[in-house]
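Colleague: This is a predicted model, with the sequence first.
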Amino acid sequence: MLIKTLVCLFALSGVSFFIGCSASYAPPSLLPRTFVYNIAGNQEALTAKVVGILKALDYDIAMDDPGTGLVRVMAREIKVLPDECDCGKLYGKSLVSDPATTIKILIEIYIQDGRIRFVTNYSFSHKNRNGRVDRVGECISPGVYERQLVDLMLKQPVYQSQP
């Protein structure tokens, strides 16, 4: 009887351990979105302006196609505040606020005449106390960073080529 009781207690403690570990991470509470802004200017001029701003912010441009209006940057590490990105929580603490978390950003911008659409992908990796990555995942943008980029664009005039 004692052995059965010990086996049951051991099994229950193992189950609670696994439930506790899986419950330690809470995914982002935001839903993925794209952000669209209306900005005066033709596709070619807006594309040049976007590329100029991204380069000024030290982004490496992976793709710049004025014909299709697609601009894509290389993924890079970025420091963000909790209101700029939601990566979820680990043990009740925001992963964005955790110094053991590294966040990367990848931006795709689709430009048309008078319109800019952002698709921003954040990802994170979290290191445990031993310095090993113990969790990776996707983060969700609430649109704060995209709005900051648009505000930079609005501060600079758009030079449109003459027909």
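Modeller: Arrived safely, thanks for sending.

Colleague: tell me the contacts of Gln112?
Modeller: Gln43, Gly69 (CB atoms under 8 Å, 6 or more residues apart in numbering). The C-beta positions use only the backbone N, C-alpha and C, and glycine is treated the same way.

Colleague: With Asp134 instead?
Modeller: His126, Lys127, Asn128.

Colleague: Does the first one touch Val96 like I think?
Modeller: No - the pair His126 / Val96 is not scored as a contact, 10.7 Å apart, by CB atoms under 8 Å.

Colleague: can you give me the helices in this protein?
Modeller: In the chain, the segments counted as helices under DSSP state H are 2-22, 43-56, 144-155.

Colleague: Return the distance of Asn42 relative to Lys93.
Modeller: According to CB to CB, to the nearest Å, Asn42 stands 46 Å off from Lys93.

Colleague: Neighbour count: these two, which is higher?
Modeller: Asn42 (16 against 10; other CB atoms under 10 Å).

Colleague: Can you pull the phi and psi angles for that one?
Modeller: phi -90, psi 170 (degrees, to the nearest 10).

Colleague: pretty sure it is touching Ile111, no?
Modeller: No - counting by CB under 8 Å, Asn42 does not reach Ile111; the two are 9.4 Å apart.

Colleague: dump the residue contacts of the residue most central in space within the chain.
Modeller: The residue lying closest to the centre of the chain (CA atoms, centre = their mean) is Tyr122, at 1.8 Å. Contact analysis of Tyr122 by CB under 8 Å, 6+ apart lists Val80, Cys85, Cys87, Ile103, Lys104, Ile105, Leu106, Glu138, Cys139, Ile140, Ser141.
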